[in-house]
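Pasted the sequence and its predicted model underneath.
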Amino acid sequence: MILGLLLFFIHDVSANPWSVVRNPSRGTSTPIGFYSHGCLAGGIKAPLQGKGFQLMRTSRGRFYGHPDLIQFIKSFGEALHEKKLVVLVGDLGQPRGGPMPSGHKSHQVGLDVDLWFWHHRHPNRLLSNSDREKLSAPSMLDSKKRVIPARFTSEQITKLKISAANPRVERIFINGHIKQYLCSSLPGSDLAWLHKLRPWNGHEEHFHVRLKCPTDAAKCEPQEPVPDGDGCEEAKAWKEFTAPEGKPVPPPEDCEKVLKESIAV
Ligand SMILES: [Zn+2]
């Protein structure tokens, strides 16, 4: 049994060295490569809580990001705090970014973060450490994939709207059914802000905010821009899809240096 576990562990380590490194590399914070095949040099640790926000699943240690991302979380939390709201924050990235052993394809360059739709409604009460590990985010959809209006309320819309208004935000992934719901339930005069909201699979209990490459990050590969407009026509035709399997694209060569750098602790 113990030997089995040990072998599994060794196998796991060789499969993904990025998830084993416990501290960020030194130097200026720089995203390298693309959101789904890259890494982060000089990662910064997000505070585990602050005004209007609290990180979840902190035992996983996926709370590193570029300073732009940390700043985004803080200012988003402050904006929510003024409205007596809170956001529960899911994964950012690993200390040096790179692929994670489970859960995400992206979140590799320190510019992606998952934010829960649901929160505990007590802006001044922190969740206990055990709640942070154990609570799971409820879906905004019922079993027939319809938005549950009692759950997906003006609060959730406010959160999306505040995020989308932030000029650093490049796009936001939400479930396609939620995008369709927003397109059909908001007044026509209030659709323009939906532009950055990209209909995707999953993302029914959280939304995923992706920031633009920082202007001084020459090795950060930007994504094709989001098409013009509110995206509601496109959303009408959206259906859940099966992501092509394909081999993961290895991080760029510069990332090898980031990974290998050792730090005396
Ligand atoms: Zn995500």
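Noted; the coordinates are in hand.

which residues are in contact with the strand or helix carrying residue 77?
Per DSSP states H and E, residue 77 falls inside helix 67-82. Under the contact criterion C-beta atoms under 8 Å, 6 or more residues apart in numbering, helix 67-82 has outside partners 29, 44, 46-47, 50-53, 86-87, 89, 92, 110-113, 115, 123, 159, 162-163, 166, 168-169, 209, 211, 214. Using the backbone N, CA and C atoms, a C-beta is placed for each residue, glycine as well.

let's see it at 6 Å
29, 44, 46, 50-53, 87, 110-111, 113, 162, 168, 211, 214 (C-beta atoms under 6 Å, 6 or more residues apart in numbering).

Which residues of the stretch 1-150 of the chain lie near the ion?
residue 114 (C-beta under 5 Å from the ion).

remind me which residues of the stretch 1-150 of the chain are low pLDDT?
1-15 (pLDDT under 70).

Quick check: the gap between residue 83 and residue 119.
12 Å (C-beta to C-beta, to the nearest Å).

If you count surrounding residues, which of these two has more?
residue 119 (21 against 13; other C-beta atoms under 10 Å).

In stretch 218-225, which residues are buried?
By neighbour count on 16 or more other C-beta atoms under 10 Å, the buried set for stretch 218-225 is 219, 220, 221.

Would you check how far apart the first one and residue 19 are?
Meaning residue 219. From residue 219 to residue 19 the distance is 22 Å (C-beta to C-beta).

Can you report how many residues lie near the nearest residue to residue 206 once chain neighbours are set aside?
Among residues not flanking residue 206 along the chain, residue 114 sits closest, at 4.7 Å (C-beta to C-beta, 6 or more residues apart in numbering). By other C-beta under 10 Å, 23 other residues sit near residue 114.

if I read this right, residue 114 contacts residue 90, doesn't it?
Yes. Counting by C-beta atoms under 6 Å, residue 114 touches residue 90, with 3.4 Å between them.

Common neighbours of these two, please.
residue 206.

Not counting its neighbours along the chain, what's nearest residue 201?
residue 240 (5.4 Å).

what helix or strand does the one you found sit in?
Per DSSP H and E, there is no helix or strand for residue 240.

so how far is residue 160 from it?
Distance from residue 240 to residue 160, by C-beta to C-beta: 20 Å.

Number of residues surrounding the spatially closest residue to residue 66 that is not a sequence neighbour?
Using C-beta to C-beta, 6+ apart and skipping the chain neighbours, the partner closest in space to residue 66 is residue 110 (4.0 Å). By other C-beta under 10 Å, 36 other residues sit near residue 110.

three-state assignment of the residue nearest to residue 206?
strand (DSSP: H, G, I helix; E, B strand; the rest coil).

pretty sure residue 130 is in a helix, no?
Yes. Assessed by three-state DSSP, residue 130 belongs to a helix.

and the residue most central in space within the chain, bridged to which residues?
Centroid check for the chain by C-alpha atoms, centre = their mean gives residue 113 as the closest residue, at 2.3 Å. As for beta bridges, residue 113 partners with residue 209 under DSSP bridges.

My read is that it contacts residue 209, right?
Yes. Using C-beta under 6 Å, residue 113 is in contact with residue 209, at 5.4 Å.

what's the nearest residue to residue 180 if we skip its chain neighbours?
Here the residue nearest residue 180, using C-beta to C-beta, 6+ apart, is residue 235, at 5.2 Å.

the helices in this structure, which residues?
2-15, 67-82, 129-134, 154-165, 176-185, 232-236, 254-260 (DSSP state H).

how much does the fifth one deviate in direction from helix 154-165?
Meaning helix 176-185. 100 degrees (axes from the mean of the first three to the mean of the last three C-alpha atoms, to 10 degrees).
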